[in-house]
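Asks: Predicted model and sequence below, questions to follow.
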Amino acid sequence: MEIAEELAKQQRAISVAEFFEKNRQILGFDSAPRSLLTPVKEAVDNALDACEEMGILPDIFVQIGRRGELFHVVVEDNGPGIVTEEVPRVFAKLLYGSRFHVLKQSRGQQGIGISAGVLYSQLTTGKPTRVISKIGPGHKACRFQLMINTATNEPEILESVVQDWDRPHGTRVEMELEGSYVRSRRQSIYSYLKNVAIVNPHARITLKEPDGNVETFERATEKLPKPAYEIQPHPRGLELGGLIKMLRYTEKRKLSSFLKGTFSSIGTITAQELCDLAELDSNRPPSELTYREAQRLIEAFRKVRLKSPPTDCLSPIGEELIRMGLDKEYRVDFVATSTRSVSVYSGNPFLVEVGLAYGGELKSDGKVGVLRFANRVPLLYQQGGCGITHAIENVSWRTYSLSQPGGGIPTGPAGILVHVASTNIPFTSESKDAIADVPEIVSEVELGLKDVGRKLRRHLSRQNALSARREKEEIIRTLLPRIAEKLADLLDREKPDINPVVAKIMSSLLVKRKLVLENGQTLVTIEVANYTESARSFRLHEMLPLEATSVDPSARVVPIGDDYDHLWDISLKPGEARRLSYALPAEEARFSDLVVEGQPSDVVAGARTVET
Amino acid sequence: MSDPEQAQEKLLSMVESLYDQFQEGIVPYLALPSRTKNNIEYDKDGEVWVYGDQKSLRSVKTIRGAKSLLRTSHLVELLIKEHLRHNRGSTLREIYYISENWDLAKFGEQGESDRLVEDLEIVTSLQREDFHVRPEEDGATVFGPLEIREQTRRGMRDIHCQEDVGEAGYQIPFNVDNIQFKDHDARLVLALETGGMYARLIENGFDQEYDVILVHLKGQPARSTRRMIRRLSLELGLPVAVFTDGDPWSYRIFASVAYGSIKSAHLSDYLVTPSAQFLGVQPTDIVDYDLSTDKLTDQDLHALRSELTDPRFETDYWKEQIKLQLDLKKKAEQQAFAGKGLDFVTKEYLPKRLSEMGLI
């Protein structure tokens, strides 16, 4: 027998379940703490997805108990439940799920997660997983004990009972497995659920820990997130093979109706435009298109101006809820958020949201904390290999007032939250730890980060300006008068007028009146100087008991009651000064405050201000 | 020394210029030479280092500046109203405590009040003694064939600095200008950093054998000690040699005797002895005499490197010595000579080194 024939005898298909049995690290069962976290994470993700679909506020209960060397995990939700026939396959068949073929944002994608947990449990303990599910108040609950037949990747039902359950609807999974429970670390069940709570403020999550301690992450809002709708694929970024497959299997008879009916963002006009560009007859049956023609169509997709994909397939957290979530978990001084508009990579719409918390109780030494989320699921592992992290490292944070020693993650009292929502998140591996470096996504994250960075810089410079202003006020209120007083005392002279100096220090608009007595006349000069950094236009009022003489420059005079209001309209460039003068008979020289109209009171020194 | 009238006048003219700035609407400020390494330069005529043209402005625009001007006006008030008008005085430390009553203008530490007194010296071109401000007694001493006459509160005293003093020597008063030099038999002034070496030379009779006036510097020398050395050098025409430890901090002690210090370059004309020569311990001595050494610390290395850019050390001699020491990465104390026997320093090292320098 030839070698090739020998080898051919040994060739056989490998069951997916067998494959994962040997490669469990791919699914996130590589370390003991993580092996406990992964099934919890998968069950919680499923629960949140299910509740969202049904439009109810999730109430999720997680319990971790110790059974000798092993751990006993319970995850129960108030979701819509699973119909009896589906339960075995949902829990005990890998790659079985409702979401893989749907273009819509959801936490689960492939249908591996929870069944991998079941597989891991049976591998480490030899025990089945128990599931109870109920689909509504009028129904009975079904209870199963399930294992996976690893050779065939089919469920093995050890027990199946119909029974009463006191919940109106929901699902409860119970399994035993090897692992270890840690609390303090960043990558723990506790911090996972805490981060889930930040981006799912509509959910209530209760965690009962092995030592009996109960943590409840309360709802921050009763408002459900906007539901995500299923959409058709967007043509931008579509690959040739994908298009050829669609052309072959479509039920549409004409190319134009295929284009309109299969893709989002294509209407009659765009469909015609595409056919023209690709030099194809819009009435051709799609299935008859040749390889070359399909290629021309792909090129046409790239050339034509397409509407952005519809946003309703995605469910962003929203800036308000990001703010609330960050506020709830960290006591901070400042939160900036940014939501990018929907973009597309390889035909998949995606959207990036960024939040930045600053100050307060956040530690100022060390690198800033990074919270990564994909479709509202926290990403705890492989931070260094994640596209989000790389985007953070690409931004030059010094520009935005955070230090960045040696490049990389910035340092300072800040926390960064990045959420990527997409109909299909491009993870680097099946354990869904890190988002791949897809250029479109990385660039959108960078833009969002720069946006919150700008907001942070603005906030900080405003803070600095405020403290500079406070400092000046201290000088003026306490120090200057005392210096002036001491100097006058030492020289045995009058206390000097400190107003001109005050105006200069405060960068304000200074108005000052000086009087000289001459031949029974009071000669008045008013000096107006602009020490601010911008041009100032205003009206100056001098209220006098009679009309003044020798007024220079001339003033408009308006009699008011017994008095005469003298008005000058003045415009001064920064640093410019002007002198006004007039005369009054000395015995009539009674003055009230000068009034500046049309400037805020905090920039004017030496006069009252009125609103225009 | 200037009379109290003149001191008062100078202080008041500074006050008046601040007052006028207020009147003219100029944000009040004082301009002082900036007292940093970058702003001292060599004055060829006086052969000393003085401040250059860089000014630092103390303006009321900032809280720091405003506080400093408020302190200045409080201090001037004290000097005029308490000191000069009533012929009283205070020590630097007392001034720091007096400021306790100035609330906002209170000094945070004595270094601040000391610096402000120096600032007033600079602005008025006077010395703190003119304002009746005294340093704390530091007790630096002199021993050798020198007879002086001191004006004390209890009348004139004639003192011979070998015969009329105890083992420790004659204590230099804070106002050195109150003494006159009557007579001497000295060939040379030898200034010593450490008390240990000062006592060793007295015990070994080095002052008598070689007719040397020994001055104990007590580390970084006080103004009075430096003034004393300058007067010995100028008035008696004696050469001066400075003998310190062999480390970067000790070189600065020599520099402050010979070139002036960065802090008090405004008084260089009064305190500095430009003809003073460095005796040792030289880095080359470490090699030649195989002295026991310590390793240079990081601070030592930093100080040495910064001396390479210090204008006071800009000579071939110093560049060579400093570079050698940077290579050796070692330092030695004066007392290291004791390892070769208690008489080694007076019998071997000093005679050899002093004749090398052409001083004996």
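Replies: Okay, I see it.
Asks: packing partners for whichever strand or helix holds residue A:583?
Replies: Using DSSP states H and E, residue A:583 maps to strand A:577-585. With contacts taken as 3 or more C-beta pairs under 8 Å, 6 or more residues apart in numbering or on different chains; DSSP states H and E, strand A:577-585 sits against strand A:521-530, strand A:536-544, strand A:549-552, strand A:563-572. C-beta coordinates here come from the backbone N, C-alpha and C atoms, glycine included.
Asks: Could you measure from residue A:187 over to residue A:379?
Replies: Applying C-beta to C-beta, to the nearest Å, the value for residue A:187 to residue A:379 is 10 Å.
Asks: picking that back up, quick one: which of the helices and strands packed on strand A:577-585 is nearest chain B?
Replies: strand A:521-530 (8.3 Å; C-beta to the nearest C-beta).
Asks: any residues touching that closest one, and which ones?
Replies: Around strand A:521-530, the neighbours that count as contacts under C-beta atoms under 8 Å, 6 or more residues apart in numbering or on different chains are A:500, A:503, A:509-517, A:536, A:540, A:542, A:548, A:570, A:572-586, A:589, A:594.
Asks: May I have the strands that pair with it, each with its orientation?
Replies: In the sheet, strand A:521-530 lines up against strand A:509-518 (antiparallel), strand A:577-585 (antiparallel) (DSSP bridges).
Asks: Mean pLDDT lowest where, among those?
Replies: Lowest mean pLDDT within those: strand A:509-518, at a mean of 87.
Asks: now that one: how far from the chain's centre is it?
Replies: A distance of 57 Å separates the centroid of the chain from that of strand A:509-518, by C-alpha atoms, centre = their mean, to the nearest Å.
Asks: Identify each buried residue in it, please.
Replies: Of all the residues in strand A:509-518, those buried under the rule 16 or more other C-beta atoms under 10 Å in any protein chain shown are A:509, A:510, A:511, A:512.
Asks: What angle do strand A:536-544 and that strand make with each other?
Replies: If you take axes from the mean of the first three to the mean of the last three C-alpha atoms, to 10 degrees, strand A:509-518 sits at 30 degrees to strand A:536-544.
Asks: okay, now residue 273: neighbour count?
Replies: Defaulting to chain A. Look at residue A:273: counted by other C-beta atoms under 10 Å in any protein chain shown, it has 17 neighbours.
Asks: My question was about chain B, not that one.
Replies: Using other C-beta under 10 Å as the criterion, residue B:273 is surrounded by 26 other residues.
Asks: got a list of what residue A:550 touches?
Replies: Residue A:550 makes contact with A:581, A:582, A:583, according to C-beta under 8 Å, 6+ apart.
Asks: same thing with residue B:216?
Replies: By C-beta under 8 Å, 6+ apart, the contact list for residue B:216 reads B:140, B:141, B:142, B:143, B:169, B:192, B:195, B:198.
Asks: and if you look at residue B:167?
Replies: For residue B:167, the contacting residues are B:199, B:202, taking C-beta under 8 Å, 6+ apart as the criterion.
Asks: Mind checking what secondary structure it has?
Replies: Secondary structure for residue B:167, judged by DSSP: H, G, I helix; E, B strand; the rest coil, is coil.
Asks: re earlier: which one of the contacts of residue A:550 sits closest to chain B?
Replies: residue A:581 (18.2 Å).
Asks: and that closest one, how far is that from residue A:268?
Replies: Computed as C-beta to C-beta, the residue A:581 to residue A:268 distance reads 78 Å.
Asks: ok, those two, which is more surrounded?
Replies: Using other C-beta under 10 Å as the criterion, residue A:581 and residue A:268 rank with residue A:581 on top: 16 against 12.
Asks: That one contacts residue A:554, correct?
Replies: No - when contacts are counted by C-beta atoms under 8 Å, residue A:581 is not listed as touching residue A:554 (11.2 Å).
Asks: can you tell me which residues contact the residue of the stretch 151-300 of chain A found nearest chain B?
Replies: Nearest residue of the stretch 151-300 of chain A to chain B: residue A:186, at 36.3 Å (C-beta to the nearest C-beta). Residue A:186 makes contact with residue A:380, according to C-beta under 8 Å, 6+ apart.
Asks: now the one 10 residues further on
Replies: Contacts for residue A:196 were tallied using C-beta under 8 Å, 6+ apart; they are A:44, A:48, A:203, A:205, A:217, A:376, A:377, A:378.
Asks: for stretch A:227-240, the distance to its chain's centre please.
Replies: Worked out by C-alpha atoms, centre = their mean, stretch A:227-240 lies 23 Å from the chain centre.
Asks: Tabulate the contacts of residue A:550 (TSV), appending distance to residue B:183.
Replies: Formatted as TSV, these follow (distance: C-beta to C-beta, whole Å):
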residue	distance to residue B:183
A:581	77
A:582	82
A:583	81
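Asks: thinking again about what came up before, list the buried residues of the strand holding residue A:583.
Replies: Buried positions in strand A:577-585, judged by neighbour count with 16+ other C-beta under 10 Å: A:580, A:581, A:582, A:583, A:584.
Asks: Looking at stretch A:336-350 now, give me its mean pLDDT.
Replies: The model assigns stretch A:336-350 a mean pLDDT of 86.
Asks: by contact count, what packs against whatever helix or strand residue B:67 lives in?
Replies: Secondary structure assignment for residue B:67, by DSSP H and E: helix B:63-77. Counting contacts by 3+ C-beta pairs under 8 Å, 6+ apart, helix B:63-77 packs against helix A:480-491, helix B:4-23, strand B:29-33, strand B:55-59, helix B:110-124.
Asks: orientation of it relative to helix A:480-491 in degrees?
Replies: 20 degrees.
Asks: Now helix B:63-77: average pLDDT?
Replies: Here the average pLDDT along helix B:63-77 is 91.
Asks: Alpha carbons of it, in CSV - could you do that?
Replies: Extracted in CSV, the C-alpha atoms of helix B:63-77 (Å, rounded to 0.1, in the frame of the first residue of the first chain):
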residue,chain,number,x,y,z
ILE,B,63,1.3,86.4,44.7
ARG,B,64,4.9,85.5,45.3
GLY,B,65,6.1,88.9,44.1
ALA,B,66,3.4,90.7,46.0
LYS,B,67,4.2,88.9,49.2
SER,B,68,7.9,89.6,48.8
LEU,B,69,7.2,93.3,48.4
LEU,B,70,5.0,93.3,51.4
ARG,B,71,7.8,91.6,53.4
THR,B,72,10.3,94.1,52.0
SER,B,73,8.2,97.0,53.3
HIS,B,74,7.8,95.3,56.7
LEU,B,75,11.5,94.7,56.9
VAL,B,76,12.4,98.2,55.9
GLU,B,77,10.0,99.5,58.6
